[in-house]
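>>> Make a model of this:
(chains A and B)
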Amino acid sequence: MNPMCRLGEIARFTLLALALVIPESVTATPSSSDPSDSLASAERPFVPGGYDDKPHLRGLFGHIALGGYAEAHAVWERVDGATEEAGFNLKRWNLLASSRVGRHVQMWAEVEFEDGGSEIVLELAQLDLELHPGMNLRAGMLLVPIGRFNLAHDGPRNAFTDRPLLATELVGSALSMPGFGLFGRVPLGGRGRGTYELYGVNGYHDGLLLASPDGTRLPEGRGNVEDNNASPAIATRLAWSPAEPHELGLSGFAGAYNRYRVDGVDVDEKRSVRIAAFDARTAALGIEWSGELAVISADIPPGLVGLFASRQAGWFVETTRSFGHGGLRTMPASYFSVGARVEGVDFDRDLAGDSRVQVTTGVHFHPSPESVLKLDYRRSRSRDRFNNSSEGAAVQLSFTSYF
Amino acid sequence: MNADRLHLERARVRPWRPSARVAAPVAILALGLGLAACGKLLTTAPAPGDLFDAPLDGLSAAELAAFAEGDAQFGRPFSVTEGLGPIFNNVSCASCHSGDGRGRPENALTRFSRGTDPARDVGGPQLQDKAIPGAEAEQLPAGVDRSRRLPPPVFGMGLLEAIPEADILANADATDSNGDGISGRPNWVTPPEFLPAHGGAPVVGRFSRKAQVSSILEQTIAAYHQDIGITTDFLAAENTNPLASVATEAADRVADPELPAAAVRSVVAYLRTLAPPAPGTETPARGRGRVVFGSIGCASCHVPSLRTGPSTIPALANRDVALYSDLLLHDMGDELADGRPDGQADGREWRTTPLWGLRVMRAFLNGQAFLLHDGRARSVAEAIEAHGGEAAAARDAYRALSGADRAALVDFVESR
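Sure, this is the predicted structure:
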């Protein structure tokens, strides 16, 4: 073993030992003492970290608020000893806008410039009509409520540089679709509340099979701007939160993806995608936990069965812990955090291979709550369709901030 | 409005109490780092000799650049919108040839014909059991001769191609004039119309399980056309299912040809310069195995070494190739017979399989081994036991060996 290596080994175990012998770790104040807990359920954002919970909303010019966030990445990634990627990327530069029209109507929008502007998408453009806190109408380009991450995924709020695999590889976050529907919140005693969302949306299109060379991939079926099959999909999420930051959510999605009827003529069998997701977040022992689980089932045409998956699944669990608040005299609002995420995706549940598991750890510096400098280390094991494994590792440095 | 609340929540400055605050973060971090073994912090590469997709030694920079391009092309999966189908077997070369090595029974393919008639009227000579939406996959018609074929490894192809015809023919003994019970013969094949070589004299076939294919170029063009449903400048009309109830070609809306000649040639350049994996280290037992391999007659067919002739690629020219094959056809008896002729090869004959890359074959099939033309044997010993026909004497001699000699022989073969 080379000396550098031994040093690393020793450092690692010292850290671990330190962590175990410091008894106070167990008694650290949980963040549930946050003042936000005392807010009445109606004043809490509908989606914490989501569309109605962003710093730009502080600076209203009349009834209009403008802001955004930027996310710059540097990555060094290796797979089986060969460098796959080493470079820089302006991953996202997003503009946020919202506006209040009269007492009951609100507009929320987000335009995303991805990968240095090579892709520009209208990620969000929704109009809300408030009838009652428990019943609101929503229309436009909506974030589809499949799990919580898709609803709250901005760089500064994402615990790591990368988004969870479940979101990017399986569901296709950020996933937005044109839609129409209802949402609302219901107080459930004390600080508790329930929320619901129920929308009709255009659903995925058949790109999830036809544009994907690797097997079933829902992200390839995004962008169904004009419903390809004149058959809407349904998306819904129910969440229960006894108090911040505890929440449980259940989501469901179902809809046909292929063109099975053209001009009233049946040209194919109707084939659908169904997704069920479960999400949870909480805080315990001063550590914030969150996780998601999603299972997907898709109807596959007979000629593609065996190569294209009809069942997929993914999950992640992540923990973060902040420390050193105000520790830097020159930056009183600053703090640090560390975190770990463990996750897996199974692209084809009927095959032993075609899957990936990975672990990410990171140390993050927050100059203020709106900005984060993240240093992450990621380790992954992928299995191909032959169930052969390959090892990946990456070091990522990213800087992201709201503006 | 949530704005003020946000201010409150996020900007709160907490007191700095080192022990309590640091412990949990440190634990999280240490646990994460603990999952990565030291020295492998950024993963390690296998040795080039342990791979199926390493280039030959001594390639020029330009040859290596072509190699890298062909490597990507070999691994490239096709989507329906890129031309996959209408009928096909799999989405890329690499999806059948795992890590450029052999496949497994699940992605083996079926050839069928009526005797030497390729049975094109019912979809022969290959069964395409997958189809894109709008097309119909083929089903095996009744009353045809069929042959199930496991994908063989694709390294060392350039070396096979560079062996002069005369040297292969030197080992042929069609009438068994030396009376050793072994009568290898070549499969003379006429290059098909889509090849530039078409119109010339028949050549000795070297590729595929019955040596029915004349060149790497032919194998590659046919694989794109038949296995993946990708038309090329060489073969620009789609393969279709003649028994489909609808016109299957209408389902593939991508203009033909779907792949330019340059991409095909890059794959050919890649296959030509793919190195066979290095054999394992010599041990006394393996030395013994090598002797037994010769003495019981394995080496009569699995000829240990052939020499290449001149080549435009210097790394291929005039060198010994330890392929353990004569590239000839042998009658392997009833048990291995498929009853389906392929060119001049009859229903009992197979090309002597080169014995190379066996040392690492399991690494690319998740620890499993599939040997023989249809992958039926799960170990070298099982493969030898299945030998019959011209190889029956060698098999019987193998059975008669002492336990130690048998183990030494298997170890020798598995170290190739």
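
>>> Leaving out sequence neighbours, find the closest residue to the spatially most central residue of chain B.
Central residue of chain B (C-alpha atoms, centre = their mean): B:Pro153, 2.7 Å from the mean position. In space, and not counting its chain neighbours, B:Pro153 is closest to B:Gly101: 4.4 Å by C-beta to C-beta, 6 or more residues apart in numbering or on different chains. Every residue, glycine included, has its C-beta placed from N, CA and C.

>>> and that neighbour, what does it touch?
Contacts for B:Gly101 (C-beta atoms under 8 Å, 6 or more residues apart in numbering or on different chains) come out as B:Phe52, B:Pro153, B:Val154, B:Phe155, B:Gly357, B:Val360, B:Met361, B:Phe364, B:Leu365.

>>> My guess is the third one contacts B:Gly99. True?
It refers to B:Val154. No: between B:Val154 and B:Gly99 there is no contact under C-beta atoms under 8 Å: 10.1 Å.

>>> These two - which one has more neighbours?
More crowded of B:Val154 and B:Gly99, by other C-beta atoms under 10 Å in any protein chain shown: B:Val154, with 26 against 21.

>>> got a list of what that one touches?
B:Phe52, B:Cys93, B:His97, B:Asp100, B:Gly101, B:Leu271, B:Leu274.

>>> does A:Thr360 sit in a helix, a strand or a coil?
strand (DSSP: H, G, I helix; E, B strand; the rest coil).

>>> where's it relative to B:Gly70, distance?
34 Å (C-beta to C-beta, to the nearest Å).

>>> Would you mind listing what in the stretch 151-300 of chain A touches chain B?
A:206-207, A:209-214, A:258, A:268, A:285-287 (C-beta under 8 Å from any C-beta of the partner chain).

>>> and those as CSV, adding secondary structure?
Formatted as CSV, those follow (three-state DSSP):
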residue, secondary structure
A:Asp206, coil
A:Gly207, helix
A:Leu209, helix
A:Leu210, helix
A:Ala211, coil
A:Ser212, coil
A:Pro213, coil
A:Asp214, coil
A:Asn258, coil
A:Asp268, coil
A:Leu285, coil
A:Gly286, coil
A:Ile287, strand
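
>>> how about those, which pair is most distant?
A:Asp268 and A:Gly286 (54.7 Å; C-beta to C-beta).

>>> which one of the two has more residues nearby?
A:Gly286 (22 against 15).

>>> Helix, strand, or coil at the closest residue to B:Ser379 other than its chain neighbours?
Using C-beta to C-beta, 6+ apart and skipping residues adjacent in sequence, the residue nearest B:Ser379 is B:Ala369, 6.0 Å away. Three-state assignment for B:Ala369 (three-state DSSP): coil.

>>> same check, this time on A:Gly215
coil.

>>> same thing with the one 10 residues further on?
Three-state call for A:Val225 (three-state DSSP): coil.

>>> my read: A:Glu77 touches A:Gly392, true?
Yes: if you go by C-beta under 8 Å, A:Glu77 and A:Gly392 touch, sitting 6.8 Å apart.

>>> shared neighbours of the two, which are they?
Counting by C-beta under 8 Å, 6+ apart, the common neighbours of A:Glu77 and A:Gly392 are A:Glu84.

>>> Can you tell me the SS state at residue 93?
No chain specified, so I'll use chain A. strand.

>>> That one touches A:Phe113, doesn't it?
Yes: using C-beta under 8 Å, A:Trp93 is in contact with A:Phe113, at 4.5 Å.

>>> returning to what we had before: shared neighbours of B:Val154 and B:Gly99, anything?
Joint contacts of B:Val154 and B:Gly99 (C-beta under 8 Å, 6+ apart) are B:Phe52.

>>> Now the residue nearest the centre of chain A. Nearest residue, chain neighbours left out?
Centroid-nearest residue in chain A, with C-alpha atoms, centre = their mean: A:Phe149, separated by 2.9 Å. Spatially, and ignoring its direct neighbours in sequence, A:Phe149 is nearest to A:Ala167 (4.9 Å; C-beta to C-beta, 6+ apart).

>>> picking that back up, secondary structure and pLDDT added to the contacts of B:Val154, as TSV?
Output for these, formatted as TSV (DSSP: H, G, I helix; E, B strand; the rest coil; pLDDT from 0 to 100):
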residue	secondary structure	pLDDT
B:Phe52	coil	84
B:Cys93	coil	97
B:His97	coil	94
B:Asp100	helix	90
B:Gly101	coil	90
B:Leu271	helix	97
B:Leu274	strand	96
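
>>> May I ask which of those has the most neighbours?
B:Leu271 (27 neighbours).

>>> What is the burial count for the nearest residue to B:Arg348 once chain neighbours are set aside?
Once flanking residues are discounted, B:Arg348 sits nearest to B:Ala337: 4.2 Å by C-beta to C-beta, 6+ apart. Counted with other C-beta under 10 Å, residues neighbouring B:Ala337 total 17.

>>> In this structure B:Ala337 contacts B:Ala345, no?
No: B:Ala337 lies out of contact with B:Ala345 (C-beta under 8 Å); the separation is 11.2 Å.

>>> what's around B:Val144, how many residues?
Around B:Val144 there are 20 residues (other C-beta under 10 Å).

>>> and if you look at A:Gly223?
14.

>>> Report the contact partners of it.
A:His205, A:Gly207.

>>> Pull up the gap between it and A:Leu208, please.
Applying C-beta to C-beta to A:Gly223 and A:Leu208 gives a distance of 11 Å.

>>> do B:Ser92 as well
19 Å.

>>> neighbour-wise, which of the two wins?
Neighbour count, other C-beta under 10 Å: between B:Ser92 and A:Leu208, A:Leu208 has more, with 24 against 19.

>>> Now find how far off-centre the helix or strand harbouring that one is within its chain.
Using DSSP states H and E, A:Leu208 maps to helix A:207-210. The chain centre lies 22 Å from the centre of helix A:207-210; the measure is C-alpha atoms, centre = their mean, to the nearest Å.

>>> and what of stretch B:252-269?
The answer for stretch B:252-269 is 20 Å, by C-alpha atoms, centre = their mean.

>>> does it come close to chain A?
No: judged by C-beta under 8 Å from any C-beta, stretch B:252-269 and chain A are separated, with a smallest distance of 9.9 Å.

>>> So what touches that stretch?
Residues contacting stretch B:252-269 (C-beta under 8 Å, 6+ apart): B:63, B:66-67, B:69-70, B:73-74, B:80-86, B:93, B:132, B:135, B:216-217, B:220-221, B:224, B:229-238.

>>> and if we set it to 7 Å?
B:66-67, B:69-70, B:73-74, B:82-83, B:85-86, B:132, B:216-217, B:220-221, B:224, B:230-234, B:236-238 (C-beta atoms under 7 Å, 6 or more residues apart in numbering or on different chains).

>>> For B:Leu306, name its beta-bridge partners.
In this entry, B:Leu306 is beta-bridged to B:Val321, by DSSP bridges.

>>> For it, give me its contacts.
B:Leu306 touches B:Ile163, B:Asp167, B:Val321, B:Leu323, counting by C-beta under 7 Å, 6+ apart.

>>> measure the residue nearest to the last one when sequence neighbours are not counted to chain A for me?
Spatial nearest neighbour of B:Leu323, excluding adjacent residues (C-beta to C-beta, 6+ apart): B:Pro354 at 4.3 Å. With distances defined as C-beta to the nearest C-beta, to the nearest Å, the gap from B:Pro354 to chain A amounts to 21 Å.
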